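> coords please:
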Amino acid sequence: MRRRIRLVIPAALILMTIAAPALGGGVTVVNFTEVPPDFEAGTPYRLDYSILGHGVEPMDVGHSTLQFHGPGGETVIFPAESTAKGQWTAEVVLPTAGEWRWEVLAGSEVMQTLGTLSVEPAREAIPAGLMDSLRLGLPIATLLALILLVTEIRSRSRTERQPAAAADVA
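Numbering: from 1, shown residues only. Prediction:
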């Protein structure tokens, strides 16, 4: 029994020293100020984020980038600009629709994998000439419809009065 205790106690101490760093939390945590709920292909988005040591202390990591892996296997990288210690901002434009995996890098090291983003297809823009035509044509069409309505009301009231006048004469 004593022999077993002599083996168990050192083994337990070794396990506790190995496990202690794991209980300390992650080395880095990436927090985004705001991530838009919907992404659209070809639309620029500004993403602000912080890199914090153990989720608390801002970390100076040199340079940071956002890396995206697209549905067709393409990879796009957007450099981030440091705005303060541990604070970063990046302008992101995802070129195609689909599911994109993304991650934050510090140098060439992946700091945090962020999951996937669903990117919607770009909306078709209304041609400028059509918009100009609608801006001019819609008020004119509304005015013409109003004139036709007034004309129709006047002509109905005249036809309703004419048979009554003919009945009085007879």
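> list the buried ones in the top strand by length along the chain?
Ranked by number of residues, the top strand in the chain under DSSP state E is strand 109-120. For strand 109-120, the neighbour count (16 or more other Cβ atoms under 10 Å) marks 111-112, 114, 117, 119 as buried. Backbone N, C-alpha and C define where each C-beta goes, glycine included.
> so which of those comes closest to residue 93?
residue 119 (10.4 Å; Cβ to Cβ).
> So for the nearest residue to the closest one once chain neighbours are set aside, what's the pLDDT?
With sequence-adjacent residues excluded and distances taken as Cβ to Cβ, 6 or more residues apart in numbering, residue 119 is closest to residue 39, at 4.5 Å. Confidence at residue 39, expressed as pLDDT, is 93.
> how many other residues sit next to residue 39?
The number of residues packed near residue 39 is 17, by other Cβ atoms under 10 Å.
> give the contact list for it.
Residue 39 is in contact with 45, 94, 100, 117-120, counting by Cβ atoms under 8 Å, 6 or more residues apart in numbering.
> how near is it to residue 99?
11 Å (Cβ to Cβ, to the nearest Å).
> Common neighbours of the two, please.
With Cβ under 8 Å, 6+ apart, residue 39 and residue 99 have common neighbours 117-119.
> what residues does the longest strand of the chain touch?
28-30, 38-41, 51, 61, 64, 67-68, 94, 96-105.
> Filter these down to just the ones in strands.
If you go by DSSP E, the contacts of strand 109-120 have 28-30, 39-40, 51, 64, 67-68, 98-105 in strands.
> Now residue 134: which helix or strand?
helix 128-169 (DSSP states H and E).
> got the domain boundaries for this structure?
Following automatic domain parsing, one gets these domains for the chain: 27-120, 126-170.
> weakest of these in terms of mean pLDDT?
domain 126-170 (a mean of 75).
> Go ahead and flag the most central residue of the chain.
residue 36 (2.9 Å; Cα atoms, centre = their mean).
> How about that one, nearest residue that isn't a chain neighbour?
Spatial nearest neighbour of residue 36, excluding adjacent residues (Cβ to Cβ, 6+ apart): residue 45 at 5.8 Å.
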